[in-house]
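Student: Let's see this in three dimensions:
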Amino acid sequence: MNDIATQITTQIFHSIGQIFVSFWILILILIIAIFLKSSYFKGKLGEAIVSRSITNKLDPNIYHIINNVTLPSFDGTTQIDHIIVSIYGIFVIETKNMKGWIFGDKNNKTWTQTIYKKSHKFQNPIHQNYKHIKTLTKITGIEEEKIHSVIVFTGDSKFKTTMPDNVLNKGWVDYVLSKNDLLLSYDLVQDTIECINSQKFEASFKTNQEHINQLKVKQRIISSSHNCPKCGSTLTKRVAKTGANIGREFYGCSQFPQCRYTRAIN
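Tutor: Below you'll find the predicted structure:
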């Protein structure tokens, strides 16, 4: 009788153990599925795709890549996906790993991603990259004319509006290779690489979180700031001459038309 009871008890605990293990396996699968769908993972995957293309298709003796760069900026930090330093200038690459239809114009504040009937607004990556370029000009002393902005869309996306030449979802390596005017000396290339490496923060989870936190703080104080949140230039008071707000005053970036940030005056 005791042997039967022992066997039953053992079977019960064994079943409970199997249920417990199955439960945690299911939880782990759900966590992995959520992570794979996260914007963080998609962003890192897109960066990895671009980084691999640079490594495989560009001569490393001419094109020197620095990935995942966090640099100090006027309002905290700015993160750059890829910087390529070469004798043909500096290429600042912003990657977007997205799918669906992409609508945008170089002058719009936001672009639109449409998947079936759902739409999502995201920051104009040209404006986003402009701040990166302004940060690099300040840190390196390299003129803005010698820095190329490149926007690369990875993933299954399709442009539904005409995009500028530097916004690409394929052929972006050819775009980089098309820039063949000698802009930097070999010595200046090495000095620029050393300058960026000496200024950048260590690539780590902590650095990334601190950058995200300062972005949240910046959004809270943006209404009282007199600096453009996109490029760091001064905001100037202007009067709308056309449109629905004609005659009303607003703040506009002093770097207009390169930067078209505006803010209403309350």
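
Student: From here on, just use CA atoms for contacts and neighbour counts.
Tutor: OK.

Student: Please spell out which residues along the helix or strand hosting Glu194 are buried.
Tutor: Per DSSP states H and E, Glu194 falls inside helix 186-199. For helix 186-199, the neighbour count (16 or more other Cα atoms under 10 Å) marks 188-189, 192-193, 196 as buried.

Student: So which of the residues you listed is the closest to Lys237?
Tutor: The closest of the buried residues of helix 186-199 to Lys237 turns out to be Ile196 (Cα to Cα; 34.5 Å).

Student: ok, so what distance separates the residue nearest the centre of the chain from Asn169?
Tutor: Among the residues of the chain, the one closest to the centroid is Glu94, at 5.4 Å (Cα atoms, centre = their mean). Glu94 sits at a distance of 12 Å from Asn169 (criterion: Cα to Cα, to the nearest Å).

Student: before we move on, what about Gln190?
Tutor: From Gln190 to Asn169 the distance is 30 Å (Cα to Cα).

Student: correct me, but Lys134 touches Glu144?
Tutor: Yes. Look at Lys134 against Glu144 with Cα atoms under 8 Å: they come within range, at 7.4 Å.

Student: Give me the more crowded residue out of the two.
Tutor: More crowded of Lys134 and Glu144, by other Cα atoms under 10 Å: Lys134, with 20 against 16.

Student: what's the helix or strand for the more buried one?
Tutor: helix 125-140.

Student: Which secondary structure elements does the following helix or strand past that helix sit against?
Tutor: Once the chain leaves helix 125-140, the next helix or strand it forms, by DSSP H and E, is strand 147-154. Other helices and strands packing on strand 147-154, by 3 or more Cα pairs under 8 Å, 6 or more residues apart in numbering; DSSP states H and E, are strand 89-97, helix 125-140, strand 167-168.

Student: run the last query once more with 10 Å
Tutor: helix 39-57, strand 76-86, strand 89-97, helix 125-140, strand 167-168, helix 172-178 (3 or more Cα pairs under 10 Å, 6 or more residues apart in numbering; DSSP states H and E).

Student: What about Lys170, how many residues nearby?
Tutor: 11.

Student: show me the contacts for it.
Tutor: By Cα atoms under 10 Å, 6 or more residues apart in numbering, the contact list for Lys170 reads 152-154.

Student: Include neighbour count and pLDDT when you put those into JSON lines, please.
Tutor: Below are the contacts of Lys170 laid out as JSON lines (neighbours: other Cα atoms under 10 Å; pLDDT from 0 to 100):
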{"residue": "Val152", "neighbour count": "22", "pLDDT": "93"}
{"residue": "Phe153", "neighbour count": "24", "pLDDT": "93"}
{"residue": "Thr154", "neighbour count": "21", "pLDDT": "88"}
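
Student: and of those, the nearest to Asp174?
Tutor: Val152 (12.2 Å).

Student: Assess the claim that the closest one and Thr95 are in contact.
Tutor: Yes. Assessed by Cα atoms under 10 Å, Val152 is found in contact with Thr95 at 4.8 Å.

Student: The residue nearest to Asn166 when sequence neighbours are not counted: neighbour count?
Tutor: Spatial nearest neighbour of Asn166, excluding adjacent residues (Cα to Cα, 6 or more residues apart in numbering): Val150 at 5.1 Å. A total of 23 residues lie near Val150 under the criterion other Cα under 10 Å.
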